[in-house]
Structures are given as C-alpha cells and as structure tokens.
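K.L.:
Turn this into a structure:
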Amino acid sequence: MSELIKITNLRKTYDGKRYVLDGLNFSIGKGEIKTIFGASGCGKSTFLNIVGLLDNYTSGEYLFCETNINPKRLNDYYKYRAQDIGFIFQSYFLIDSLSVNDNILMPFLYNEIDLSGSVKKTVDKLLDSFDMLSLKNKKVSLLSGGERQRVAIMRAIIKEPKLIIADEPTGNLDESNTELVVKAFKDIAEKGTAVIVVTHNKFLSFGTDTTYTLRGGKLYNE
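P.N.:
Prediction:
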C-alpha cells in the first residue's frame, strides 16, 4: 500500500521551550482509516492542523504525496488543502446563511468545478444516506447540532479527497447517526481515501486499521 503521508521525528513548540509534539512518527496509506485517541490538551488538534497544512511544524520531516512539506511555505500548498484534503472540524464552520445543499457544495465552488447534474445527483445520494434529503434546502442556521455535524461531514467527503481529517466527528451525534458516519468513512476508504479520526471516545473504532494514543508529544500504537 503506497503511503499518502509519512511524518518522521516531528516536533512542534509554540514558545521554544515546551514541545507539544516531540519526535512524533506517523504514516497512512491510501484507503486506510487510523484513529487517534488522547486526553484534552495533549496536542491532537495541533497534530491535525499540521497534517492538514493549516499550521507549521518546528522540525522533522513531513511528506504529503511524496512532496516534502516546507513548514515556512505553507501557502505554496494551497491546492493540496483545496483539492486533496477534506476537513471535519468540531465547530463545523458552516455558512449559516446558506442551505444544506449549498454548504455541501462549497468545496466544488472553491475549486471552480462545474456543478453538473452528476454532482447534484451525488449530493442527493449523500443526503439520502445520512437521512437528510428532506432538509436539502433548509438553512443550516435552523438545524440541530447533530444535523449540522452531518452536513459538515458530507461537505468533507463529497469531493472524495485523498485525505479526510476528522476532529471528533461524532461528538454531537446519537448512536444511529454515529453508525452512519462510520459507514461513510468505510465507504470512502474503500474508494482509496485515507481517513484520520481524532477522538477522546475509546468506545469508537470507526472501522479503523490502526489505533494510536497521543501522549507526551508522541503517538503510541495500541
């Protein structure tokens, strides 16, 4: 299995003294699902931001699609963020004034992709799989927290990116909707997308290939 990401001896400090990440190693291949557990404040979000090219790192090596990521030139990798990475944030980051449908389509708009009939059919199919087809034209500001979470997940997976980064993706979902998310991750992984899930809930496995615990700035294989 070819590696999509390979991280070696990664270190990150904000003040030059305490390392949030300290000699961390990680890799993930196409179609793999890996879950990372960790207590609040252990550096999970910092790790995800670095993997998602939203934050730099202090030292070490990060290869994304065999490209050596220069932490001082993150703006050079805009296309990776826009085209190859799907983000699922704890805070959703939806546009409240837009409908469910339009929020899901946002990744296509940023990439100037033609919204043909096939794309719209894909959206409808995805909405149906998450039991939200009837809410397609509803403004997201009127949705419940669990519904907003599902919209954020659909927005991330609609373009079938190379990598999904999910930060507590089921934090506001009940058991039945959590099962829908797990199935969605498995389905997209079968198509070759790598999925990284970060959670504090050790009862959720997300059909993962490997689980880790982040502590002391390092990842430990469980």
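K.L.:
other SSEs contacting the host helix or strand of Gln149?
P.N.:
For Gln149, the host element (DSSP states H and E) is helix 145-157. When contacts are defined as 3 or more C-beta pairs under 8 Å, 6 or more residues apart in numbering; DSSP states H and E, helix 145-157 packs onto strand 85-88, helix 100-104, helix 106-110, helix 117-129, strand 163-167, helix 175-190. To be clear about C-beta, it is placed using only N, CA and C from the backbone, and glycine gets the same treatment.
K.L.:
Only the buried residues of the worst-scoring helix or strand of the chain on mean pLDDT, if you could.
P.N.:
Ranked by mean pLDDT, DSSP states H and E, the weakest helix or strand in the chain is helix 106-110, scoring a mean of 79. For helix 106-110, the neighbour count (16 or more other C-beta atoms under 10 Å) marks Met106, Pro107, Phe108 as buried.
K.L.:
and of the residues you listed, the nearest to Phe87?
P.N.:
Pro107 (9.7 Å; C-beta to C-beta).
K.L.:
so the closest one sits right up against Lys159, yeah?
P.N.:
Yes. With contact defined as C-beta atoms under 8 Å, Pro107 reaches Lys159; the gap is 4.8 Å.
K.L.:
Mind listing the shared neighbours of these two?
P.N.:
Common neighbours of Pro107 and Lys159, using C-beta atoms under 8 Å, 6 or more residues apart in numbering, are Gly86.
K.L.:
before we move on, the earlier item: so which elements touch the least confident helix or strand of the chain?
P.N.:
Using 3+ C-beta pairs under 8 Å, 6+ apart as the test, helix 106-110 ends up in contact with helix 145-157.
K.L.:
Asn201 should be in a helix, yeah?
P.N.:
No. Counting by DSSP: H, G, I helix; E, B strand; the rest coil, Asn201 is not part of a helix but coil.
K.L.:
OK, contacts around it?
P.N.:
Phe37, Thr170.
K.L.:
show me where pLDDT drops low in this protein?
P.N.:
Applying pLDDT under 70 to the chain picks out residues 1, 110-115, 202-206.
K.L.:
For Gly145, find the nearest of the helices and strands packed on helix 145-157.
P.N.:
helix 175-190 (11.0 Å).
K.L.:
Okay, angle between that closest one and strand 163-167 too, please.
P.N.:
Angle of helix 175-190 versus strand 163-167, following axes from the mean of the first three to the mean of the last three C-alpha atoms, to 10 degrees, is 160 degrees.
K.L.:
buried residues in helix 175-190?
P.N.:
Applying 16+ other C-beta under 10 Å to helix 175-190 flags Asn177, Thr178, Leu180, Val181, Val182, Ala184, Phe185, Ile188, Ala189 as buried.
K.L.:
residues contacting the fourth one?
P.N.:
Think Val181. Arg150, Ile153, Pro169, Thr170, Leu173, Phe206.
K.L.:
I'd like to know which of those are buried.
P.N.:
The neighbour-count test (16+ other C-beta under 10 Å) applied to these identifies Arg150, Ile153, Pro169, Thr170, Leu173, Phe206 as buried.
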